[in-house]
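Visitor: Could you look at this predicted model? Sequence included:
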Amino acid sequence: MKRSLFGRLWPNATAVVLFIGFVFPVYWMFATALKPTGDILSEDPVWIPTNITFEHFRTATDVDHFWTYVTNSLTVTILAVVFSLVIALAGSFALARMRFKGRRGFIIGFMLAQMAPWEVMIIAMYMIVRDASMLNSLVPLTLFYMMMILPFTILTLRGFVAAVPKELEESAMVDGCTRAEAFRRVILPLLAPGLMSTSLFGFITAWNEFALVLVLNKDAEAQTLPLWLSSFQTQFGDDWGATMAASSLFAIPILVLFVFLQRKAVSGLTAGAVKG
Amino acid sequence: MTVQTERPPSGPADVRKADGGGTGRPRTRAAARAGALAPYLLLLPACAATVLLLGWPLLKDILLSFQNLNMGQLIQHVTEWNGVDNYKETLGSEDFWRVTLRSILFTAVNVVLIMLLGTLVGLLLARLGKRMRFTLLFGLVLAWAMPIVAATTVYKWLFAQRFGVVNWVLDKLGWHSMADYSWTSSQMSTFFVVTLLIVWMSIPFVAINLYAATTTISKELYEAASLDGAGAWRSFTTVTMPFLRPFLYATTFLEIIWVFKAFVQVYLINEGGPDRLTEILPVYAYVEGVGNQHYGMGAAIAALTILLLIGLTAYYLRIVLKQEEDEL
């Protein structure tokens, strides 16, 4: 009896410990950002922020060029995701629905490209961009980010396209649609959840990218939020409140997108299939 | 597909046959050729982008690695070929081998921890009740979703010398010498923080996917095992493990590749310091190339690293392709 109680207890106890371990850093980021400086720099940590203040968020966003960083990050990320979606949609349709010579080779090629060691290619990318006199510009950044997420987008969308029953497309064509029309009217709407989840992961990758923008864009006018965040400590010394406020601001869009969209994208897929 | 304004006279059955055989309706030769070309045209933008934005930098890196390219040459835009000098110097330097060995050890420790703990957490998820499982899943997804740069900054704060939570806890637990410990002051403690960060970030991926995989194991297999008199451990080794092995194998390689490239975490925690003692290969290439402005040398180090990574990737793809043979 005693043993079975223990047997029921330990998984739950371990789960609680693990939950705290995984959540604490995220919690501590938000908690620190909301505490007044006195509570942050105290000998004993203040575990729960009681005197909530938004002063650190103000410090973080009052930095020079803050809104330039935000605009740059959004521009680069959204453009990269949209371009890669458009290009990938065409490619994934071919890979999922058509038979042709070299199809397997293309798929393996994109799988290889997906694992490309971008972190190590920075020097070469810097030289290329410099020779094109495009340093401190958002254009190369957008293009390279698009390429970083393109293979993943193609391979994932291929799965989503293949999951749309072929009969739907065929019956649309029977009703007089051309293949392109059938694609636009039948497949594309059913692909919405697939587009959503792939663009979510693309968004996260591009939003987070740090190494390339660090090397390419030294000019604050062309920098993005990851650089703003990493420069904080050097700028503000030990102003952990502002640093954590900046981290929170940077992380919130991703956390929200991830937690909500991931579930929605999955359930949307089945809903679409049932409707079809 | 073909130019046709009217509805086909004889309904779906006819069309399906036409689609399957491809000979149901007369098509002009031009249309057929266009049809054969269509997949390539659809793939053209993706391939062009890959060649231009991925192939070119790769090629450029190899070209640069055969050049003597430092600050002077960079400013004057001159190309000075120096053959295999960069490779000779890199492969002959003690530093390079030390960093390579360090990278391998670093990757090994991280991947072992990630796979071991990730698997345990995944199996735990399968054992938990519904509510507890959802709670833990939520925590895992939160850690998973945390952007790398933000997570790294948070870890720096957790491990801060003054007012850091970790030092406070260690002090309270009776380890008083840690009260004002500077985690970035020594090689091992810096690696400890980086490893903890990477493991924390990577476990959710392994655990959640592993849990998803266990849910697809049919219950009947377990029933059959228990009918044959297998205990919990035996049914784990004979039913669960064989089922998960391909997944674990592929994921291990994926993690090896990811950890090996972990530039941002290592660089942001301490920029490869103290005294360049925590530089792993990607950071080493960056510091040599961009930091010390020996671009040719950096490119050579990068090329060697890429070679290593391509080897790992090829092996990974072989595993994956074997598993998905029928799907391609």
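Guide: Received the coordinates, thanks.
Visitor: For the chain, give me the ranges with low pLDDT.
Guide: Let's take chain A. A:1-3, A:233-237, A:261-276 (pLDDT under 70).
Visitor: I was thinking of chain B, sorry if that wasn't clear
Guide: Scanning chain B with the threshold set as pLDDT under 70 gives B:1-28, B:324-328.
Visitor: quick check: longest helix of it.
Guide: Assignment by DSSP state H gives helix B:94-127 as the longest helix of chain B.
Visitor: Could I get the buried residue list for that one?
Guide: For helix B:94-127, the neighbour count (16 or more other C-beta atoms under 10 Å in any protein chain shown) marks B:96, B:99-100, B:102-103, B:106-107, B:110-111, B:113-115, B:117-127 as buried. From N, CA and C alone the C-beta is placed, and that goes for glycine too.
Visitor: so who does the residue sitting nearest the centre point of chain A touch?
Guide: Geometric centre of chain A, nearest residue: residue A:204, 1.0 Å, by C-alpha atoms, centre = their mean. Residues counted as contacts of residue A:204 (C-beta atoms under 8 Å, 6 or more residues apart in numbering or on different chains) are A:254, A:257, A:258, B:145, B:147.
Visitor: Could you pull up the residues touching the second one?
Guide: This means residue A:257. Applying C-beta under 8 Å, 6+ apart, we find residue A:257 in contact with A:200, A:203, A:204, B:145.
Visitor: mind giving me CSV with the residues you listed and columns for secondary structure?
Guide: Converted to CSV, the contacts of residue A:257 look like this (DSSP: H, G, I helix; E, B strand; the rest coil):
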residue, secondary structure
A:200, helix
A:203, helix
A:204, helix
B:145, helix
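Visitor: before we move on, the earlier item: of the buried residues of helix B:94-127, which are in range of chain A?
Guide: With C-beta under 8 Å from any C-beta of the partner chain as the criterion, the buried residues of helix B:94-127 include B:121, B:124, B:127 near chain A.
Visitor: in the stretch 151-276 of chain A, which spans are strands?
Guide: With DSSP state E, counting those that start in this stretch as the definition, the stretch 151-276 of chain A shows no strands.
Visitor: Spell out which parts of it neighbour chain B.
Guide: A:151, A:154, A:170-171, A:173-176, A:178-179, A:204, A:207-208, A:210-211, A:215, A:226, A:229-230, A:232-233, A:238, A:240, A:243-244, A:246-248, A:250-251, A:254-255, A:257-259, A:262.
Visitor: hmm, which of these are the buried ones?
Guide: Neighbour-count burial (16+ other C-beta under 10 Å) applied to these gives A:151, A:154, A:170-171, A:173-174, A:179, A:204, A:207-208, A:210-211, A:215, A:226, A:229-230, A:232-233, A:240, A:243-244, A:246-248, A:250-251, A:254-255, A:257-258, A:262.
Visitor: from these, which ones fall inside helices?
Guide: Among those, the ones falling in helices (DSSP H) are A:151, A:154, A:170-171, A:173-174, A:179, A:204, A:207-208, A:211, A:215, A:226, A:229-230, A:232-233, A:240, A:243-244, A:246-248, A:250-251, A:254-255, A:257-258, A:262.
Visitor: Please report the distance of the closest residue to chain B within the stretch 151-276 of chain A from residue A:156.
Guide: Closest residue of the stretch 151-276 of chain A to chain B, C-beta to the nearest C-beta: residue A:258 (3.5 Å). Distance from residue A:258 to residue A:156, counting by C-beta to C-beta, to the nearest Å: 16 Å.
Visitor: and if you look at residue A:185?
Guide: Distance, residue A:185 to residue A:156, by C-beta to C-beta: 22 Å.
Visitor: Chain neighbours aside, what residue packs nearest to residue B:157?
Guide: Counting by C-beta to C-beta, 6 or more residues apart in numbering or on different chains, residue A:240 is the residue found nearest to residue B:157 once chain neighbours are left out, at 5.2 Å.
Visitor: Residue B:284 now?
Guide: residue B:99 (4.6 Å).
Visitor: who touches that neighbour in this structure?
Guide: Applying C-beta under 8 Å, 6+ apart to residue B:99 gives the contacts B:279, B:280, B:281, B:284.
Visitor: possible to save these as a markdown table with neighbour count and secondary structure?
Guide: Converted to a markdown table, those look like this (neighbours: other C-beta atoms under 10 Å in any protein chain shown; DSSP: H, G, I helix; E, B strand; the rest coil):
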| residue | neighbour count | secondary structure |
| --- | --- | --- |
| B:279 | 24 | coil |
| B:280 | 27 | coil |
| B:281 | 28 | helix |
| B:284 | 25 | helix |
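Visitor: List just the nearest of those residues to chain A.
Guide: The nearest member of these to chain A, counting by C-beta to the nearest C-beta, is residue B:281 at 7.5 Å.
Visitor: So which residue is dead centre in chain B?
Guide: Taking C-alpha atoms, centre = their mean, the centroid of chain B lies closest to residue B:258, which sits 2.9 Å from it.
Visitor: how big is the angle separating the helix or strand containing that one from helix B:94-127?
Guide: Assigned by DSSP states H and E, residue B:258 belongs to helix B:241-260. Per axes from the mean of the first three to the mean of the last three C-alpha atoms, to 10 degrees, the angle that helix B:241-260 makes with helix B:94-127 is 140 degrees.
Visitor: Which positions within helix B:241-260 qualify as buried?
Guide: Residues B:244, B:247-248, B:250-260 are the ones in helix B:241-260 that count as buried (16+ other C-beta under 10 Å).
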